[in-house]
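*Asks:* the following block contains a protein sequence and its predicted model.
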Amino acid sequence: MVIITLQRNKCIGCNYCVEFAPKQFQMSKKDGKSVLLHSIEKKGFYTVKSPEHTIVENVTKAKEACPVNIISVKIK
């Protein structure tokens, strides 16, 4: 299980997450911030749990590229 979390309110709209993991992230046309696709929001944190371990490499690159460090990736 791969758990991806995005703290969206701190997003600066740099678009790196979309460049590295376009199947998991997209930029909002409304406010220019990142959107974690198919996520559930709880107290400002957007989370997706995926059984697909093939996404780990791309979301890890997105996490490492994020200049404000608001993406977390956990593997269980």
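*Replies:* On my side now, so go ahead.
*Asks:* buried residues in stretch 48-63?
*Replies:* Neighbour counts over stretch 48-63 (16 or more other Cβ atoms under 10 Å) mark 48, 55, 58-63 as buried. All C-beta spots, glycine's among them, are computed from the backbone N, C-alpha and C.
*Asks:* got the end-to-end distance for that stretch?
*Replies:* 14 Å (Cα to Cα, to the nearest Å).
*Asks:* so what's the residue count around residue 2?
*Replies:* 19 (other Cβ atoms under 10 Å).
*Asks:* got a list of what the nearest residue to it once chain neighbours are set aside touches?
*Replies:* Excluding its sequence neighbours, the residue lying closest to residue 2 (Cβ to Cβ, 6 or more residues apart in numbering) is residue 50, at 4.8 Å. Residues in contact with residue 50 (Cβ atoms under 8 Å, 6 or more residues apart in numbering) are 1-4.
*Asks:* for residue 50, give me phi and psi.
*Replies:* Phi and psi for residue 50, reported as degrees, to the nearest 10, are phi -130, psi 140.
*Asks:* likewise the one 10 residues further on?
*Replies:* When quoted as degrees, to the nearest 10, the phi and psi of residue 60 stand at phi -70, psi -40.
*Asks:* what separation do you get for it and residue 17?
*Replies:* The spacing between residue 60 and residue 17, counted by Cβ to Cβ, to the nearest Å, is 11 Å.
*Asks:* what are the buried residues along stretch 62-73?
*Replies:* Result for stretch 62-73 [16+ other Cβ under 10 Å]: buried residues 62-63, 66, 70-71, 73.
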